[in-house]
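Q: let me see the structure of the following:
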Amino acid sequence: MVSHVSIIVFKNTPKRFVHNVKLLAVFALAAIVSACQTADPRLVTALRSSSITQIQLETAPDVNMGGFFDKKKPDPQLSKVVQTLEASLNRELKGLPGGKTPGKLIVTLGMVDLASNAGRIILDNHSSMSGSVRLQDAKTGRLIAETTVYVSEKGVRGEGNIGVFVAMAINAAQVSRQKDALAHELSDKFVSSVKTWLMQK
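A: Numbering: from 1, shown residues only. You can find the predicted model right below:
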C-alpha cells in the first residue's frame, strides 16, 4: 500500500503552487487507499451463503421524524415512507445475494425526515432516512450479518433571482412526476444502499 508521496520542488516555485500540488497529492493518495480497501472476506462469505426469502420492516418506537412534528400524533409522512419502502425492499431484494440459506431481512427505521412537496419546491428542503439492517437465518434466527444505513435525498438549490426560480421549477417537476415522489426517491436510495451492502465483494 502507498504510504508516502514525495514532491519535487524547484528553487523558484511559488509557495501557493506548491501548497496546491500537495493538496492534490493528498487527495490522490486518499483515493488510491480507498480503492484498495475491500470488504472483510468473512462478511462476504456470510452474506453470499444466504438468500432473502422474508423481509420485515418496522419503525423504532422512538423513531425521529425530524422537523417540528407532534410526537403525540402519528405523522402521515411516516406511513408514506413505510409503504413505499416496503414495496421497494420486496421488489429489489428478494432472492439476494443468492446463497442456499433462507434469510430474513429485518429493517428497523430510527430516523425518517421526509420533505413535504411545498418544502422541497419553495425552500429546497432535503429528505433523509436511517435505520439498522439485520440479516438472519430464516429458520433458526441466527445472525448472519448486520449494518446501519443512512441516506439523504436532495433537491436543486438555485443562486440569484433567476437561479432560484429555475431551481423551484426543477423541484416542482420532481415532486409532480408521480404520487408521493419524494417518498419513492428516498426509499429507492435506501434500498440501493442495502443492495450494495448485500452484494459486496
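Q: what about G141, how many neighbours?
A: Residues within reach of G141, counting by other C-beta atoms under 10 Å, total 8. For every residue, glycine as well, the C-beta is placed using N, CA and C.
Q: and the pLDDT for it?
A: G141 carries a pLDDT score of 97 in this model.
Q: next: T38.
A: 60.
Q: low-confidence ranges, the chain, go.
A: 1-38, 66-75, 116-125, 155-180 (pLDDT under 70).
Q: quick one, strands of it?
A: Along the chain, counting by DSSP state E, strands occupy 50-64, 101-113, 127-137, 143-153.
Q: could you dump these into CSV and include distance to V191 and mean neighbour count?
A: Formatted as CSV, the strands of the chain follow (distance: least, C-beta to C-beta, whole Å; neighbours: other C-beta atoms under 10 Å):
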stretch, distance to V191, mean neighbour count
strand 50-64, 10, 15
strand 101-113, 9, 19
strand 127-137, 10, 20
strand 143-153, 9, 15
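Q: mind checking which of the ones you listed is nearest R42?
A: strand 143-153 (9.5 Å; C-beta to C-beta).
Q: rewinding a little: for S187, find the nearest of the strands of the chain.
A: Here strand 127-137 is closest among those (C-beta to C-beta), at 7.9 Å.
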